[in-house]
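In: Here is the input, now give the coordinates:
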Amino acid sequence: MKKQRNKMISYIKGTVKSIFNQKATIETDIGLGFEINLVKVDKLEKNQKTELFIYMHWNQENGPSLFGFLKEEEKAIFELIISCSGIGPKMGQSILSQIEPAIFISAIKDENTKILSSINGIGLKKAEQLIFQLKDKVSDLKNLAIINKSLSTHFDEVSQVLASLNYSKSEITSAFNYLNKNSEEQNFNFDELLRKSLSFLSKSR
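Out: Take a look at the predicted model:
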């Protein structure tokens, strides 16, 4: 069955009243409170004013669920992900909570199953499915695929070493996200990337 897009609510502006797990309650200026599933829950603080772009999912048994994004581009990638067969909003939320949108798009374009299968819940078969179903659809989002090329080149080697040191898939992905966001256009060799990854992970534990 083709998934339907519900555009009843496009965005919500208001104040963060509470945050719990991957959800926040946003109170609007007219006093309505909305419980919203978030990808980047750590980007919000209680009593903060915010604007979230909304995807509304309708479940026949449980009714509507709202998913919020700080940027329209993140919402667009989320909708792209859940357009794949067998991937619902909760899985889409999980994917984008583990990997930066730019890295995800770059992995799809480069057909990099190693990066995709480093995400919890995504094995090799599912990674191949994502590439097959999304590769022709990501061209409109090409300006988001900003990724440090040296990270992409050495990802396999670095991730294998980190895994041998008993770091989890989610920890490895977090290190990769951090390095991509903070490395700009720098070129790193394998040793430098491994050292920076270990430094980040040692502070995170």
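In: so which strand or helix has Val16?
Out: strand 11-20 (DSSP states H and E).
In: Pairing partners for that strand, with directions?
Out: strand 23-27 (antiparallel), strand 49-59 (antiparallel) (DSSP bridges).
In: how does the chain divide into domains?
Out: 11-70, 85-144, 149-204 (automatic domain parsing).
In: what's the average pLDDT for whatever helix or strand Ile103 lives in?
Out: According to DSSP H and E, Ile103 maps onto helix 101-109. What helix 101-109 shows for mean pLDDT is 83.
In: so what strands line up beside the host helix or strand of Phe67?
Out: Using DSSP H and E, Phe67 sits within strand 63-69. Strand pairing for strand 63-69, determined by DSSP bridges: strand 33-38 (parallel), strand 49-59 (antiparallel).
In: Please spell out which residues along the helix or strand that contains Glu192 are buried.
Out: Assessed by DSSP H and E, Glu192 sits inside helix 190-204. Under the neighbour-count criterion of 16 or more other Cβ atoms under 10 Å, helix 190-204 has 193-194, 196-198, 200-201 buried. (C-beta placed from N, C-alpha, C; glycine too.)
In: Likewise for stretch 109-121?
Out: Neighbour-count burial for stretch 109-121 [16+ other Cβ under 10 Å]: 109, 112-113, 115-119.
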